[in-house]
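Q: Everything below, folded, please.
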Amino acid sequence: MRIRSQIMTDKIIGVPREKVGKIIGQLAESEMRELDAALSFLLGLVD
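A: Take a look at the predicted model:
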């Protein structure tokens with residue numbers, strides 16, 4: 001991403017597909033793994 005951003009994994013909401021806008025950035029593979037781990041923990045999928 002061009003500017004520093006945050007993902008609030010504790011504020012998960014569903015969004016209708018038609019409400020999703022254009023892509024504004026992307027995560028590196030390592031960042032995606034960190035996000036996956038945080039979401040898995042938050043959702044109780046791992047201990």
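Q: Can you tell me how far Ser5 is from Leu27?
A: As judged by CB to CB, to the nearest Å, Ser5 and Leu27 stand 10 Å apart. For every residue, glycine as well, the C-beta is placed using N, CA and C.
Q: who has more neighbours, those two?
A: Counted by other CB atoms under 10 Å, Ser5 and Leu27 do not tie: Leu27 has more neighbours, with 13 against 9.
Q: and the more buried one, how far is that from Glu18?
A: As judged by CB to CB, Leu27 and Glu18 stand 24 Å apart.
Q: Name the spans of this structure whose pLDDT lies under the cut-off.
A: The chain contains residues with pLDDT under 70 at 1.
Q: swap the cut-off to 90 and go again
A: Scanning the chain for pLDDT under 90 picks out 1-7, 23-27, 46-47.
Q: can you give me the helices for it?
A: 29-42 (DSSP state H).
Q: Quick check: Ser5 touching Gly25?
A: Yes. Between Ser5 and Gly25 there is a contact under CB atoms under 8 Å: 6.9 Å.
Q: Could you check how far Ala28 is from Ile12?
A: 22 Å.
Q: cool, and Arg2?
A: According to CB to CB, Arg2 and Ile12 sit 25 Å apart.
Q: Which one's more surrounded, the two?
A: Ranked by neighbour count (other CB under 10 Å), Arg2 and Ile12 place Ile12 first, with 9 against 6.
Q: Return the residues in contact with that one.
A: By CB atoms under 8 Å, 6 or more residues apart in numbering, Ile12 lies in contact with Leu39, Leu42.
Q: What is the end-to-end distance of stretch 40-47?
A: Stretch 40-47 stretches 9 Å from its first residue to its last (CA to CA, to the nearest Å).
Q: Not counting that stretch itself, show me its contacts.
A: With CB under 8 Å, 6+ apart, stretch 40-47 has contacts from Thr9, Asp10, Ile12, Ala37.
Q: Count the neighbours of the second one for me.
A: Taking other CB under 10 Å as the criterion, the count of residues near Asp10 is 8.
Q: Which residue is the nearest non-sequential neighbour of it?
A: In this structure, Asp10 finds its nearest non-sequential neighbour in Leu42, 6.3 Å apart by CB to CB, 6 or more residues apart in numbering.
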